[in-house]
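1. My questions are about this predicted structure, shown below with the sequence.
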Amino acid sequence: MVEISIENLTKHYGTLVALDNISLKIASGEVFGLLGPNGAGKSTLLKTLVGILRPTTGTIRIGAIDIVADPEKAKKMIGYLPENPSLYTGLTTQEFLQFVGKIRGVADDLLDREISESLKSFGLEEKRNSLVGTLSKGMKQKVALIATSLHSPQVLVLDEPLTALDPKTRVSVKDWIGGQTTRGVTTILSTHDLDVAQTHAGRIAIIDHGRIVAVGDIESLRHMANTASDAKLEDVFLRLTEEKGEDPARR
Amino acid sequence: MSLASPLGTVGVLVRYWVKGRFTKATILGLIIGEAFSVVFILFGSSTYLSFSNRVGLTTGLSEVAGSLVLALYLIGLIQSGFNGGGLPVSSSDVDYVFTSPVPPREVFAAKVLLNSLTTVLFGFPPIIVLYLRFSAYYHTPMTAAILAGLVTLVFLVIGLLLAADITLSLGHGIGERKKLWRNLFIVLVLVLSLLPITLLIPGIPSEVAYVTRVLPNGLAAIVSVGLVSGTQGGLDYILDLLLLFAWITRTKLPAWTRVEGRSGR
């Protein structure tokens, strides 16, 4: 189990400030929720965290490892689920998972066992030899989830894992997330599904315009938003983001 | 849990990229395209030879034509390099390869290798057909056509490495910041690549011909056309070959050193 430390992180795209001086500490085994309106900077933060984007300034440490200074070592510990995973559609499900496992250094015998068990648990055994491009959206998401955890990562970075899924698939994805968190994996969960954030995340950060607007457990967030003690996360979220001068519904 | 050796990782990347790219439908499309290009080459070369025979053109002009065709290929590749297309990186690569512990230098090595393999696989048959047609016309042995094909292949690899080098050093945003240098370099490459066209102008200084001779496209054309027409041989041939291989060595080095330098991404 490892902790994640983000210090004074900024990311600029030309004159656009996508991330503005973000600092966060996520404890080992913690499930950390990340909420924010569209375009708030959630995906940029996650992409920087997994080493796809290079920060303009600031540091990110996965355990003791700086992702910029030693990206290969840091990436070994991370499992990343992109918002809209681009799978290799010309490969079969098995080939795709073998490919992902091999480039993440999973031993062949262990990889085959892991693939078989994961396909079984997601009910995808029959699709083992089907081309990924022929799978439904929900099936692709399940395959992407399996790919995320094949190398038993110590950190999971999940970007909108429940977007556009049917109710049945949502349940199996939620179960999977629950399973990972009980294993003690440090998890960052970016989601628009506030129920999922409230159920799984111990602490939640609300990000808007590239800045962390609020961070804490649901009780602290209610307090910061000055809402009732039984207020739903949705009301808290709306209050906190509206206070920054934007109505999320208009974005 | 550890990664295979760099060579093993490059092998895994190429193997699965090839599997993913060449589906049955793609292979069928490629075979049809390949057959079309062979027919087109046969038609084009026969027309050219018939025309050159009728108006009494020499092999020198064939060299210029060959050099121009290769120059256009080089320009196309370099242009794709400037646009970041020399080494196509898909969104799947970003999601799964660049988030893996595989160092970027190995990813780019695999990309260059895959591009080279594709070029060899699909570019080579029409080239060989072209040289076989020339060889039949000039009554030179078939081996000359195969040798000429290999020389052109070396040129194609030079183009690929150059495109890869440019993609890695100027592509992906860096290119925007170095726009002036980029544009100047494009103009320079265009001027140098299209130099052979000046040989068609009567009374052009002999120095221009010498410049053309040392450029990779000029060298590849001179050696290839010389081989199939039976006019190439002796010390000149060896010197030209040595120069061509010097080009490939010079092109290859900066590509790899820059990839190493970017491993931190």
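-> Yep, that arrived.
2. So which residues on the stretch 101-250 of chain A come close to chain B?
-> A:Lys102, A:Ile103, A:Arg104, A:Gly105, A:Val106, A:Ala107, A:Leu131, A:Ala147, A:His151 (CB under 8 Å from any CB of the partner chain). Heads up, the C-betas are built off the backbone N, CA and C, glycines and all.
3. Show me which of those are buried.
-> A:Lys102, A:Ile103, A:Arg104, A:Gly105, A:Val106, A:Leu131, A:Ala147, A:His151 (16 or more other CB atoms under 10 Å in any protein chain shown).
4. Among those, name the ones in helices.
-> Within those, residues falling in helices by DSSP state H are A:Lys102, A:Ile103, A:Ala147.
5. May I see these organised as TSV, with distance to B:Tyr73 added?
-> Listed next are these as TSV, based on distance: CB to CB, whole Å:
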residue	distance to B:Tyr73
A:Lys102	35
A:Ile103	32
A:Ala147	38
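6. wait, is A:Thr10 part of a strand?
-> Yes: A:Thr10 forms part of a strand when assessed by DSSP: H, G, I helix; E, B strand; the rest coil.
7. picking that back up, dump the ones in helices among the buried ones among the residues of the stretch 101-250 of chain A next to chain B into JSON lines; add distance to B:Thr231 and pLDDT as well.
-> Output for those, formatted as JSON lines (distance: CB to CB, whole Å; pLDDT from 0 to 100):
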{"residue": "A:Lys102", "distance to B:Thr231": "52", "pLDDT": "95"}
{"residue": "A:Ile103", "distance to B:Thr231": "51", "pLDDT": "95"}
{"residue": "A:Ala147", "distance to B:Thr231": "58", "pLDDT": "95"}
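8. B:Pro103: which of these is nearest?
-> A:Ile103 (11.0 Å; CB to CB).
9. quick one: pLDDT of the residue lying closest to that closest one once chain neighbours are set aside?
-> Beyond its immediate neighbours in the sequence, the residue positioned closest to A:Ile103 (CB to CB, 6 or more residues apart in numbering or on different chains) is B:Ser100, lying 4.5 Å away. Per-residue pLDDT puts B:Ser100 at 94.
10. Give me the secondary structure label for B:Ser100.
-> coil.
11. For burial, what's the neighbour tally of it?
-> Counted with other CB atoms under 10 Å in any protein chain shown, residues neighbouring B:Ser100 total 27.
12. Touching, B:Val214 and B:Leu243? I think so.
-> Yes: here B:Val214 reaches B:Leu243: they are 6.2 Å apart, a contact under CB atoms under 8 Å.
13. So for those two, which residue has more residues nearby?
-> Neighbour count, other CB under 10 Å: between B:Val214 and B:Leu243, B:Leu243 has more, with 17 against 13.
14. Pretty sure that one sits in a helix.
-> Yes: membership of B:Leu243 in a helix is supported by three-state DSSP.
15. Name the nearest residue to it, ignoring sequence neighbours.
-> B:Leu243 sits nearest to B:Leu219 (CB to CB, 6+ apart), 5.6 Å away.
16. With A:Lys174 instead?
-> In space, A:Lys174 is closest to A:Val196, 6.4 Å off (CB to CB, 6+ apart).
17. The residue in the stretch 151-251 of chain A that chain B sits nearest to: what's it in contact with?
-> Across the stretch 151-251 of chain A, the shortest distance to chain B (CB to the nearest CB) belongs to A:His151, at 6.4 Å. Taking CB atoms under 8 Å, 6 or more residues apart in numbering or on different chains, we find A:His151 in contact with A:Lys76, A:Gly79, A:Gly101, A:Arg104, A:Gly105, A:Val106, B:Met1.
18. rerun at 6 Å
-> A:Arg104, A:Val106 (CB atoms under 6 Å, 6 or more residues apart in numbering or on different chains).
19. quick one on the thing from earlier: quick one: which two of the buried ones among the residues of the stretch 101-250 of chain A next to chain B are the most distant?
-> A:Gly105 and A:Leu131 (25.7 Å).
20. Now do the strands in chain B.
-> For chain B, strands defined by DSSP state E do not occur.
21. Closest to the centroid, which residue in chain A?
-> By CA atoms, centre = their mean, chain A has its centre lying nearest to A:Leu158, at 1.6 Å.
22. any idea how far B:Ala209 is from A:Lys127?
-> The gap separating A:Lys127 from B:Ala209 is 63 Å, by CB to CB, to the nearest Å.
23. Would you mind telling me which of those two has more residues around it?
-> Taking neighbours as other CB under 10 Å, A:Lys127 and B:Ala209 compare with A:Lys127 leading, 20 against 16.
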